[in-house]
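**Student:** model this:
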Amino acid sequence: MAMLVGETTADHAARPPAAPLARRAADWLDGILNPASAALALLGGLVLVAFMTVSVGSIASRVVFGSPLLGDYELVERGSAIAIFAILPYTHIKGGNVVVDMFVGMMAPAVRRFATLASEVAFGVIMAIITWRLALGGMEMYEYHDASMMLQIPTWWVFVPMVLSSALLTLVCVQRSLAALSGTLAPSGGEA
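**Tutor:** As a prediction, the model looks like this:
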């Protein structure tokens with residue numbers, strides 16, 4: 001069993017052998033989710049740049065013509081939500097989320113491994129619920145023909161990429177849970 005980056009020899013010796021099925025499943029999912037998350041994050045970045053351009057254009061229009069672009073706030077609001085949700089799966093699969101490990105770093109490696117597994121499972125459950133609720137919310141917006149005030153953009157359009165991003169993030173949580181279960185995901189807190 002290979003040592004993890006930053007893992008001490010004592011931590012490596014204390015780590016249980018990887019569960020073969022969980023490890024194979026985590027590796028298989030990682031091969032699919034890593035490029036999908038990266039592509040979605042790139043798309044989210046492009047969306048963010050596009051709507052930043054709308055914001056700059058609106059400011060320029062206000063300076064030059066004395067009037068902002070019609071519906072600029074609506075566009076930026078919707079684009080920002082899409083971009084943020086699009087970047088979340090990549091951030092999580094790379095372990096880039098903020099971790100508050102004030103006490104976890106002082107705990108034994110086995111406790112840190114359990115805390116990592118528990119947090120990944122909890123995050124996965126929460127994201128599954130958020131995905132479900134976003135899907136229901138989008139369907140309601142479609143049924144009620146809800147639209148933005150100025151540009152009359154259907155609200156449900158925004159929900160589609162957000163639901164897809166949330167579903168991908170849920171799968172990333174499953175992959176990281178399997179990796180934590182198999183012992184291939186470094187535990188949170190400290191140098192493990």
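**Student:** OK, contacts around E120?
**Tutor:** Listed by Cβ atoms under 8 Å, 6 or more residues apart in numbering, the contact partners of E120 are C173, R176, S177, A180, L185. (Glycine included, C-beta is placed from N, CA and C.)
**Student:** can you tell me which of the residues you listed are in helices?
**Tutor:** The members of the contacts of E120 that map onto helices under DSSP state H are C173, R176, S177, A180.
**Student:** The first one is in contact with F123, isn't it?
**Tutor:** I take that to be C173. Yes: with contact defined as Cβ atoms under 8 Å, C173 counts as touching F123 (5.0 Å).
**Student:** so what sits against both of the two?
**Tutor:** Residues touching both C173 and F123 by Cβ under 8 Å, 6+ apart: H92.
**Student:** ok, the two, which is more surrounded?
**Tutor:** Set C173 next to F123 and count neighbours by other Cβ atoms under 10 Å: C173 wins out with 23 against 18.
**Student:** who touches the more buried one in this structure?
**Tutor:** Here C173 is in contact with H92, E120, V121, F123, G124, M127 (criterion: Cβ under 8 Å, 6+ apart).
**Student:** separation between S58 and V76?
**Tutor:** Between S58 and V76 the computed distance is 8 Å (Cβ to Cβ, to the nearest Å).
**Student:** do the same with A36
**Tutor:** Using Cβ to Cβ, one gets 26 Å for the distance from A36 to V76.
**Student:** Nearest residue to L168 in space, please, no chain neighbours.
**Tutor:** Spatial nearest neighbour of L168, excluding adjacent residues (Cβ to Cβ, 6 or more residues apart in numbering): P89 at 4.4 Å.
**Student:** which helix of this protein spans the most residues?
**Tutor:** helix 20-65.
**Student:** After that helix, heading C-terminal, what element do we hit next?
**Tutor:** Counting by DSSP states H and E, the next helix or strand C-terminal to helix 20-65 is helix 72-93.
**Student:** C-terminal to that following helix, what's the next element?
**Tutor:** helix 109-143.
**Student:** Distance from stretch 98-118 to the middle of the chain?
**Tutor:** With Cα atoms, centre = their mean, to the nearest Å as the basis, stretch 98-118 stands 21 Å off its chain's centre.
**Student:** Alpha carbons of that stretch, as PDB, please.
**Tutor:** C-alpha atoms of stretch 98-118 as PDB (Å, rounded to 0.1, in the frame of the first residue of the first chain):
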ATOM      1  CA  VAL A  98     -12.100  25.300   3.300                       C
ATOM      2  CA  VAL A  99     -11.600  22.900   6.200                       C
ATOM      3  CA  VAL A 100     -11.800  24.000   9.800                       C
ATOM      4  CA  ASP A 101      -9.600  21.500  11.600                       C
ATOM      5  CA  MET A 102      -8.800  23.200  14.800                       C
ATOM      6  CA  PHE A 103      -9.200  20.000  16.900                       C
ATOM      7  CA  VAL A 104      -9.000  17.300  14.300                       C
ATOM      8  CA  GLY A 105      -5.200  17.800  13.800                       C
ATOM      9  CA  MET A 106      -4.700  16.800  17.400                       C
ATOM     10  CA  MET A 107      -6.500  13.500  17.100                       C
ATOM     11  CA  ALA A 108      -5.200  10.000  16.300                       C
ATOM     12  CA  PRO A 109      -5.000   9.100  12.600                       C
ATOM     13  CA  ALA A 110      -7.900   6.600  12.900                       C
ATOM     14  CA  VAL A 111     -10.200   9.300  14.300                       C
ATOM     15  CA  ARG A 112      -9.100  11.700  11.500                       C
ATOM     16  CA  ARG A 113      -9.900   9.100   8.900                       C
ATOM     17  CA  PHE A 114     -13.300   8.500  10.400                       C
ATOM     18  CA  ALA A 115     -13.900  12.300  10.600                       C
ATOM     19  CA  THR A 116     -13.000  12.600   6.900                       C
ATOM     20  CA  LEU A 117     -15.300   9.700   5.900                       C
ATOM     21  CA  ALA A 118     -18.100  11.100   8.000                       C
END
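**Student:** Done for today, thanks.
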